[in-house]
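Colleague: Sequence and predicted model, in that order:
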Amino acid sequence: MEDRFVVDVDRLKRDGERFEGALDDSIYALGDEFLVPFAGLRYNLFAQRIGGELLVRGSLEQDFTAACSRCGADFDFTVKVPDYVTSVEIGENVEFADLTDDLRECIILALPTYPVCREDCRGICPTCGRNLNEGSCSCVREERDGRWDVLDSLKKGEK
């Protein structure tokens, strides 16, 4: 795996070039023990020089291990960016374009705010802490505060 994605602008073919590969997951410095990248950032990109710009299009994928935000269980998931597009201004003296940081940021922006192990995750019991995906608990749920029930009985528009 590579540790940087750099396009040699001077040697780029006139009609553009396809780039496929993976970047080392060391490009991420997330510092988060609950969200850890692994297996490297995979890319399938097409780079083309158009006038004074380098246009890069394609797809990105990155695997992560995360702790579920509902139940706390560790699980693996893949972030996919099927429509990656960036444009880099290149002048006469620019020989190389390093897109590593842009690829990294695109994956980070595509991360879910609250990752869940599955859509129907039931979370944990707030009383005993049991993972409700593994079965029900015997905790008795308290009745909700009934002080506001009178307001529920009011109908809109009545005086």
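Modeller: Structure's in. What do you need?

Colleague: Chain neighbours aside, what residue packs nearest to the most centrally placed residue in the chain?
Modeller: Nearest to the geometric centre of the chain sits residue 111, at 1.8 Å (C-alpha atoms, centre = their mean). Distances taken as C-beta to C-beta, 6 or more residues apart in numbering put residue 79 closest to residue 111, at 6.0 Å, once the chain neighbours are dropped. Bear in mind the C-beta positions are built from the backbone N, C-alpha and C, glycine included.

Colleague: Same check on residue 76?
Modeller: Leaving aside its chain neighbours, residue 76 sits nearest to residue 65 (5.4 Å; criterion: C-beta to C-beta, 6+ apart).

Colleague: now swap in residue 53 and tell me
Modeller: Closest residue in space to residue 53, ignoring its immediate chain neighbours: residue 87 at 5.1 Å, by C-beta to C-beta, 6+ apart.

Colleague: Across the sheet, point out what pairs with the one you found.
Modeller: Following DSSP bridges, residue 87 is listed with bridge partners residue 55.

Colleague: Please look at it and residue 54 and confirm they touch.
Modeller: Yes. Contact status for residue 87 versus residue 54: in contact at 7.0 Å, counting by C-beta atoms under 8 Å.

Colleague: Could you list the buried residues of the longest helix seen in the chain?
Modeller: Scanning the chain for the longest helix, with DSSP state H as the assignment, gives helix 100-110. By neighbour count on 16 or more other C-beta atoms under 10 Å, the buried set for helix 100-110 is 103-104, 106-107.
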